[in-house]
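Participant: Model the following, please.
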Amino acid sequence: MEDRRFEGKVALITGAANGIGAGASRRLAESGAHVVVADIDGDRGKVIADEVDGLFVHCDVRDPEHSKAAVAAAVERFGKLDLVALNAGISTGFTLGEDFDPERYRSVMGINLDGVVYGVHAALPALRETGGQIIATASMAGITPTPMDPIYGANKTAVVGLVRSLAPSLQKTGVRVNALCPSFADTAIIGPFRAQLESTNMPIMEVADVVKAFMAIAESDGTGECWFVVPGRESQPFTFRNAPGPRTATGERMSVDPGAFATGQEA
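Facilitator: So this is what the prediction gives:
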């Protein structure tokens with residue numbers, strides 16, 4: 001039986017010209033969604049947009065105005081916005097040693113973290129109208145150490161923290177936000193250390209495996225979750241161990257509801 005559970009939904013995907021973004025675009029289109037392919041790679045992006053019978057928009061996620069324009073284009077063409085996948089990302093290829101490149105560092109921060117922040121800010125008004133959702137592509141690098149690319153690890157850890165912190169306030173507006181946290185997948189992002197991975201027999205996943213997890217998130221009803229995607233295990237939300245909480249003057253642990261501090265004003 002044909003899967004059309006996203007029939008009529010409208011999805012905007014950044015970094016959609018290649019890799020995980022292109023795979024998610026195809027899968028959503030197969031499920032009936034109208035897809036907006038957002039990327040700086042116009043040639044490849046237009047190919048994917050044509051393939052999914054969608055809309056291509058040029059989008060450099062480092063510029064907040066580009067994110068606003070992409071959202072506006074989606075709403076203008078399709079009338080609404082239901083899902084935003086903030087997927088654009090790059091690796092750094094350097095450490096904090098002698099190879100450190102401040103200019104490259106700012107560019108990586110702009111894509112991997114600022115792009116998510118700007119994307120959320122731009123999309124929220126439209127998503128509130130539909131009770132939509134945001135899926136940010138983080139990484140297992142946001143959950144476990146990544147010695148070969150510590151800056152990338154810092155970016156992705158920030159995305160994980162952003163998703164978990166946004167969820168309580170956004171939930172009050174009817175918007176869900178979750179993170180996709182894949183291990184090493186066969187995309188251009190692992191280029192700088194592919195040889196190192198292969199030499200240590202580190203499994204490299206197929207893009208289809210990550211897209212399967214992406215769709216599981218899109219079809220779920222949770223929020224503030226960070227879904228791990230690793231070889232040999234079924235993808236599911238990572239269970240974060242409870243951090244030490246406050247105690248009363250007499251030593252009893254206090255129960256703290258994060259939602260109690262979420263006014264929604266920051267959203």
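Participant: Please list all residues in contact with the closest residue to C59 other than its chain neighbours.
Facilitator: Nearest-residue entry for C59: A38, 3.8 Å, with adjacent residues in sequence omitted and distances by C-beta to C-beta, 6 or more residues apart in numbering. In this view, the C-beta of every residue, glycine as well, is placed from N, C-alpha and C. With contacts defined as C-beta atoms under 8 Å, 6 or more residues apart in numbering, A38 is in contact with 12-16, 45, 56-59, 61, 70, 88.
Participant: Tell me if I'm right that E129 and V71 touch.
Facilitator: No - the pair E129 / V71 is not scored as a contact, 11.4 Å apart, by C-beta atoms under 8 Å.
Participant: Overlap in contacts, those two.
Facilitator: L81.
Participant: Of these two, which one has the most company?
Facilitator: It is V71, of E129 and V71, that has more neighbours when counted by other C-beta atoms under 10 Å, with 25 against 14.
Participant: C226 and I20: what is the separation?
Facilitator: C226 is 16 Å from I20, where distance means C-beta to C-beta, to the nearest Å.
Participant: One more: A29?
Facilitator: Separation of A29 from I20 (C-beta to C-beta): 15 Å.
Participant: So which of those two has more stuff around it?
Facilitator: Neighbour totals were compared for A29 and I20, and I20 leads with 26 against 20 (other C-beta under 10 Å).
Participant: With adjacent residues omitted, what lies nearest to the more buried one?
Facilitator: I20's closest residue in space is V210 (C-beta to C-beta, 6+ apart), at 5.2 Å.
Participant: before we move on, which element is the residue nearest to C59 in?
Facilitator: When elements are assigned from DSSP states H and E, A38 belongs to strand 34-39.
Participant: before we move on, back to that, ok, how many other residues are close to the residue nearest to I20?
Facilitator: Counted with other C-beta under 10 Å, V210 comes out at 24.
Participant: before we move on, what about L127?
Facilitator: Other residues near L127 number 26, with proximity taken as other C-beta under 10 Å.
Participant: Read off the pLDDT value for it.
Facilitator: L127 is assigned a predicted lDDT (pLDDT) of 98.
Participant: Look up the closest residue to it, ignoring the ones flanking it.
Facilitator: Take L127 and drop its neighbours on the chain: the residue closest to it by C-beta to C-beta, 6+ apart is V175, 4.9 Å away.
Participant: about what we covered before: mark which of the contacts of A38 are buried, thanks.
Facilitator: Among the contacts of A38, the ones that count as buried by 16 or more other C-beta atoms under 10 Å are L12, I13, T14, G15, A16, G45, F56, V57, C59, V61, A70, A88.
Participant: any idea which of those is the one closest to V230?
Facilitator: Among the buried ones among the contacts of A38, G15 lies closest to V230 (C-beta to C-beta), at 21.0 Å.
Participant: Isn't the closest one up against D60?
Facilitator: No - in this structure G15 lies outside contact range of D60 using C-beta under 8 Å: 10.9 Å.
Participant: quick one on the thing from earlier: tell me the mean pLDDT over the strand holding A38?
Facilitator: Strand 34-39 comes out with an average pLDDT of 98.
Participant: Quick check: A213 touching V229?
Facilitator: Yes - taking contact to mean C-beta under 8 Å, the distance of 4.4 Å between A213 and V229 places them in contact.
Participant: Of all the helix elements in the chain, which one is longest?
Facilitator: Ranked by residue count, the top helix of the chain under DSSP state H comes out as helix 150-171.
Participant: tell me what the very next helix or strand once past that helix is packed against?
Facilitator: If you walk from helix 150-171 toward the C-terminus, the next helix or strand you reach (DSSP H and E) is strand 176-182. Contacting strand 176-182 under the criterion 3 or more C-beta pairs under 8 Å, 6 or more residues apart in numbering; DSSP states H and E are the following elements: strand 133-137, helix 150-171, helix 207-219, strand 226-229.
Participant: For the nearest residue to L81 once chain neighbours are set aside, give its distance to S183.
Facilitator: Ranked by C-beta to C-beta, 6+ apart and with sequence neighbours excluded, the top spatial neighbour of L81 is A126, at 3.9 Å. Look at A126 and S183: by C-beta to C-beta, they are 32 Å apart.
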